[in-house]
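**Q** Pasting the sequence and the predicted coordinates here, then a few questions.
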Amino acid sequence: MSKLKKSPDTDVYTSNKTKFSDSPIYIFYSSLTGASKRVATQLFETLTASGNHKNAVQMLSIDDDVEDLDTYFLNIPKSEDPNNTNFPIYILILPSYESDSPIDYFLEFLHDTATDFRVDKYPLKALSGYTVLGLGDSESWPDLFCYQSKIADKSMSKLGARRIFPLGRLCVKNDLKETTAHWVNRLVSVLSDDEPFLYEENDPEDSDSDTDDVEEYSSENENETGNGSDDGTLVDMEDLSTDNKTRGSGKLTKSINKKQMVAKDSPTFKSLTKQGYTVVGSHSGVKICRWTKSALRGRGFCYKFAFYGIHSHRCMETTPSLSCSNKCVFCWRHGTNPVGTTWRWEVDQPDKIVEGALAGHYTKIKQMRGVPGVLMDRFEEAFKVRHCALSLVGEPIFYPYINEFVKMLHEKDISTFLVCNAQHPDQLRTLNKVTQLYVSIDAPTKQELKTVDRPLFRDYWERLEQCLDILRTVQSHQRTVFRLTLVKGFNMSESDVGGYADLVERGMPSLIEIKGATYCGSSEGNGNPLTMQNIPFYEECVSFVKRLDNELNKRGMQYGLAAEHSHSCCFLIANKKFYVDNKWHTHIDYDKFFKLWNSNQSFDSLDYICETPEWAYFGSKEGGFNPADTRYNRKDEKLKKKLQREKESKGGM
Ligand SMILES: Cc1cc2nc3c(=O)[nH]c(=O)nc-3n(C[C@H](O)[C@H](O)[C@H](O)COP(=O)(O)O)c2cc1C
Ligand code: SF4
């Protein structure tokens, strides 16, 4: 720690005269495997226990707790205490990952904000101060040791914030407990001294050189002078851009040119494979869905069989982009999932993804051999995929070769149901024919959409509106679907009905699928704030669906209640053009679709319809359950097995 020195003169800070002890403190962290979170927690606890800070100390995960980076890194939040007008101090604790991680998005955001001519040039200049601590591994990544914390430090400075404690870098291969304690204690003492640790002019105009001049606090290179062993390897954000500029050292530039979205050795890869995903190439995924397994065992198809005639055992769920531009509250993937607003990764070729996805899917099907109850005829059919649900996770339309990818599936007679999140109008506009085109509509108003989808785009609402206009115009030849996911307390109140009707009026979809949200585990640690209280009951969904249908008809729009799959709390409102000869025709004639598609002639959504079976009708006694399948209730089955065991043990006595 030989390089530390106190500021000789704190008067240079003319704009920020606030005493540190009067400032609220925000500890921001990002953590994939927990180390940075532990350090953040230790700092939080020490600061709180020190009693020096009258004002709240808050600890926020950048990936999960910060819904909108603008709130903190474009604007500065006001204190909740009206008597406290002091500006906060930001402490950033960040690991570095050679592979892609949510930190890349955060750094991209800081960089974009610093270079966005539409926003204030120094939006963070009013902060009372900031410091960054990096965690990394200098043994395994000597050239990239803590490189992302350096970028963050530099970007904060470019945003006009003043550094009050030097950039810290801790190596996980050292005694992290000891080095953390040391760093925490020094920082806490500076914060209670009310004196910045390091003198620096911090003229934002001159910020290009600032990181290089900064004294560092490091658990590494203690006996060295200057900037440590990675002299000359400081990374500019420009180095991270996708146009492969070659600033910085050759070594470094090589390793941080376009990254893979999900590299084999990354925590994201581990997390996805643990959850049953097969990662295909570097940015695609495939997973066998529970309905595929259920159909193989003759225990029922998913709602898409009732609504559109999809045979679940021949359906593959996949995505060519595991990355997404939202962080929806009902999505379970937070924490390690790749996020981004622009494609900044290596791109895999579409044929490789199609082959890889099919191979991954068939491997999982093979594993079903020998599972009790598997029907051999369905098992054999399952080796000829007929449908592809491009909806697994992430945003398929984000993939730069989505049209080529869809074409390859159609050439194999595989139908395509593509779901997008209404955030990429440019890609939506140029999308070629798919079998069914979905847009997720997760909330009816701008404010609610922000709460539910937590979008990364600042102009998310305008993007959604543009997408709806595209559906109504350029893409009106497609069979279009709005997908609504109802979350109690978020987006299904009485007043929401009118808002959804406005959006239907704008997008004029062929169909509206409405599904009650399902519970996907505890909110603890994955940033998902949903609890069981947010999961609507079947009756609540039915009531909502009826109100929406009434509202549409009141406005003169021709829609009707077509189908339901009560088992999955899923409902279908369809445009009345699908009601032909007094019968609903929401099913798809797949052979006809491929015939038309191969003919290269233009065709529209009514050209490949077929009749909906009556057992799938809304309000039917079967509630969308195919009478040919066996109803399977896990609780009943468990009870039956228990009774059987009891009977046998009694018989044996
Ligand atoms: C796949 C992978 C890539 C990594 N890349 C780097 C790197 O480029 N530079 C570095 O200093 N440390 C690197 N590390 C080490 C991590 O930054 C270090 O383990 C850190 O403590 C992780 O923090 P977290 O547990 O909060 O996610 C890498 C670790 C893994 C698993
Ligand atoms: S759009 Fe889909 S993948 Fe993306 S966060 Fe929302 S639910 Fe998850």
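**A** In hand now; what should we look at? Ligands and ions are numbered 1, 2, ... in the order given.

**Q** Can you tell me what sits against the helix or strand encompassing Gln466?
**A** Gln466 is located in helix 460-472, with elements delineated by DSSP states H and E. Outside of helix 460-472, the residues that reach it under the criterion C-beta atoms under 8 Å, 6 or more residues apart in numbering are 420, 422-425, 428-429, 437, 439, 441, 446, 449-450, 453, 457, 478, 480, 503, 506-509. The C-beta positions use only the backbone N, C-alpha and C, and glycine is treated the same way.

**Q** and those residues, which of them are in helices?
**A** 425, 428-429, 446, 449-450, 453, 503, 506-507 (DSSP state H).

**Q** Out of those residues, which two sit at the greatest distance?
**A** Taking C-beta to C-beta as the measure, the ones in helices among the contacts of helix 460-472 reach their widest spread between Arg429 and Lys450, a distance of 23.8 Å.

**Q** what comes up buried for the strand or helix carrying Arg186?
**A** Secondary-structure element containing Arg186, defined by DSSP H and E: helix 176-193. Applying a neighbour-count criterion of 16 or more other C-beta atoms under 10 Å, one finds 176, 179-180, 182-184, 186-188, 190-192 buried in helix 176-193.

**Q** I'd like to know which of those is nearest to Pro24.
**A** Of those, the one sitting nearest to Pro24 (C-beta to C-beta) turns out to be Leu191, at 11.8 Å.

**Q** Kindly give a single ChimeraX line that selects the buried subset of the contacts of helix 460-472.
**A** Here is the ChimeraX command that selects only those of these that count as buried (16+ other C-beta under 10 Å):
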select :420,422,423,424,425,428,437,439,441,449,453,478,480,503,507,509
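
**Q** shaky segments in this structure?
**A** 1-18, 53-55, 80-81, 83-84, 194, 196-257, 332-336, 520-529, 629-653 (pLDDT under 70).

**Q** and the helix holding Gln466, C-alpha only, in CSV?
**A** Taking only C-alpha atoms (Å, rounded to 0.1, in the frame of the first residue of the first chain), the coordinates of helix 460-472 have been written out as CSV:
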residue,chain,number,x,y,z
TYR,A,460,-38.9,2.1,-24.5
TRP,A,461,-42.5,3.4,-24.9
GLU,A,462,-41.9,5.0,-28.2
ARG,A,463,-40.3,1.8,-29.4
LEU,A,464,-43.4,-0.2,-28.3
GLU,A,465,-45.7,2.2,-30.1
GLN,A,466,-43.5,2.0,-33.3
CYS,A,467,-43.7,-1.8,-33.1
LEU,A,468,-47.5,-1.7,-32.9
ASP,A,469,-47.7,0.6,-35.9
ILE,A,470,-45.4,-1.8,-37.8
LEU,A,471,-47.8,-4.7,-36.9
ARG,A,472,-50.8,-2.8,-38.2
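
**Q** quick one, domains of the chain?
**A** 10-229, 267-579+601-616 (automatic domain parsing).

**Q** measure the last one end to end?
**A** Yep, that's domain 267-579+601-616 we're talking about. Taking C-alpha to C-alpha, to the nearest Å, the span from the opening residue of domain 267-579+601-616 to its closing residue is 43 Å.
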